[in-house]
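>>> predicted model follows, preceded by the sequence.
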Amino acid sequence: MIRVQNMTFSYEKNNPVLREITLIENEPVITGLWGRNGSGKTTLMKLLAGHQRPEEGSIEIMGLVPYNNAQAMQNVCYMQEEHPFSWLWTVRDALSFGQYFNPNWNQDAAKQLLSVFMLNEKKKIPHLSKGMKSALQFIIGLASQASITIFDEPINGLDAGMRKKLYEVLLESHGEHPRLIMLSTHHIEEVQPLCESLAVLHRGKLLMHKAVEEIRERGIWLAGERNKVEKAISNEKVLERSEAGSMVKVMVDAPFSSEWKALAQTNGLSLEKAKMQDYLLNLTSDVEVPA
């Protein structure tokens, strides 16, 4: 479905934004795209949507090169974080725009989602709140039923109740019409239950692309007496560390496993699973953790 091979892209010569990216998704899954600001997420999405052409390497969408390719774009719906709707448009105009460019458009689904998110189709887009604009972009993306649907920060501006509705209708829609849905987000703790895989970008490179279940299990907090903790982590990668007198607490890049539970119990250490957000933030930190 998506095949990116050894792809490099630069806006300026000798200053690549993305470097040697290889990202392959062959199944109609929901995949997350996470990275700190400036990691290259938006650029990657624009390349997948055919807005830019790679400098090196290749990109294929459903077997087709997306750049300047109308046939390939029949398979893609890319909803940007601040989608460039005309300031003259109403909500109904935006839906008409979506219907025109997406051959698999489901008008019944669009109407139903307007009701779910309480959007008045007669309302002018400039008069919508940030959350309502996000909801409109999300509605167009789902109603497109495009084989490749890409959302850039789809929950920005939505309150907790609306985000919950969004997650529910996303799963329902994907179940009824399976396709590859990519979600770029900073809210990984909320979104990760929806995703089957996660791609992590860091400084323009693909740090990892794995099943969410595998990433979810990584990152443990270990705390206790300094000498016991130091012995336990002697061969491990420490991502974060804090000290208070003779007590030490560390985050280790390791899976939350029965072996670690047994080791912690034997040595009188406390063991906790790290939140995925904290784990990823530490994993992409360029600050070296002192021993």
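Received, thanks.
>>> the residue nearest to residue 285 when sequence neighbours are not counted: neighbouring residues, count only.
Excluding its sequence neighbours, the residue lying closest to residue 285 (CB to CB, 6 or more residues apart in numbering) is residue 239, at 7.5 Å. Backbone N, C-alpha and C define where each C-beta goes, glycine included. As a burial measure, residue 239 scores 23 neighbours (other CB atoms under 10 Å).
>>> where's residue 239, which helix or strand?
Assigned by DSSP states H and E, residue 239 belongs to strand 238-244.
>>> partners of that strand, with directions?
strand 247-255 (antiparallel) (DSSP bridges).
>>> just list the residues touching residue 149, thanks.
76-77, 79, 141-142, 179-182 (CB atoms under 8 Å, 6 or more residues apart in numbering).
>>> let's see if you can find the most crowded of those.
Neighbour-wise, the contacts of residue 149 (other CB under 10 Å) top out at residue 142, 28 neighbours.
>>> touching, that one and residue 170? I think so.
Yes - counting by CB atoms under 8 Å, residue 142 touches residue 170, with 7.0 Å between them.
>>> can you point out the buried residues in stretch 73-90?
The neighbour-count check on stretch 73-90 (16 or more other CB atoms under 10 Å) flags 73-81, 83, 85, 90 as buried.
>>> kindly check the end-to-end length of it for me.
When the termini of stretch 73-90 are compared using CA to CA, to the nearest Å, they are 25 Å apart.
>>> go through the chain and flag its longest helix.
helix 160-176 (DSSP state H).
>>> what about that one, average pLDDT?
Helix 160-176 shows a mean pLDDT of 92.
>>> which strands and helices sit next to the helix or strand hosting residue 224?
Using DSSP H and E, the element containing residue 224 is strand 218-225. If you count contacts as 3 or more CB pairs under 8 Å, 6 or more residues apart in numbering; DSSP states H and E, strand 218-225 packs onto helix 226-232, strand 247-255, helix 258-267, strand 270-273, helix 276-283.
>>> can you say which of those is nearest to residue 30?
helix 276-283 (15.6 Å; CB to CB).
>>> residues in contact with the closest one?
34, 36, 188-189, 192, 200, 202, 207, 215-216, 218-219, 239-240, 251, 253.
>>> the same query, at a cut-off of 10 Å, please.
34-36, 186-192, 198, 200, 202, 207-208, 212, 215-221, 237-240, 251, 253, 273-275, 289 (CB atoms under 10 Å, 6 or more residues apart in numbering).
>>> just the ones in strands from the buried residues of stretch 73-90, please.
76-79 (DSSP state E).
>>> so can I have CSV of the contacts of residue 149 showing distance to residue 53 and pLDDT?
Below are the contacts of residue 149 laid out as CSV (distance: CB to CB, whole Å; pLDDT from 0 to 100):
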residue, distance to residue 53, pLDDT
76, 15, 95
77, 20, 95
79, 21, 92
141, 24, 94
142, 28, 94
179, 24, 95
180, 21, 97
181, 24, 97
182, 19, 96
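>>> as a markdown table, these with distance to residue 228 would be great.
Putting the contacts of residue 149 into a markdown table (distance: CB to CB, whole Å) gives the following:
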| residue | distance to residue 228 |
| --- | --- |
| 76 | 54 |
| 77 | 54 |
| 79 | 51 |
| 141 | 51 |
| 142 | 52 |
| 179 | 50 |
| 180 | 47 |
| 181 | 45 |
| 182 | 44 |
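>>> ok, these vs residue 117, which is closest?
The closest of these, once distances to residue 117 are taken by CB to CB, is residue 142, at 10.8 Å.
>>> using the three-state scheme, assign that closest one.
Following DSSP: H, G, I helix; E, B strand; the rest coil, we place residue 142 in the helix state.
>>> assess the claim that it and residue 167 are in contact.
No - counting by CB atoms under 10 Å, residue 142 stays clear of residue 167, with 12.0 Å between them.
>>> about what we covered before: list the residues that contact both of residue 142 and residue 170?
Counting by CB under 10 Å, 6+ apart, the contacts common to residue 142 and residue 170 are 149, 151, 154, 181.
>>> using pLDDT, spot the least trustworthy of those.
Minimum pLDDT across the shared contacts of residue 142 and residue 170 falls on residue 154, with 87.
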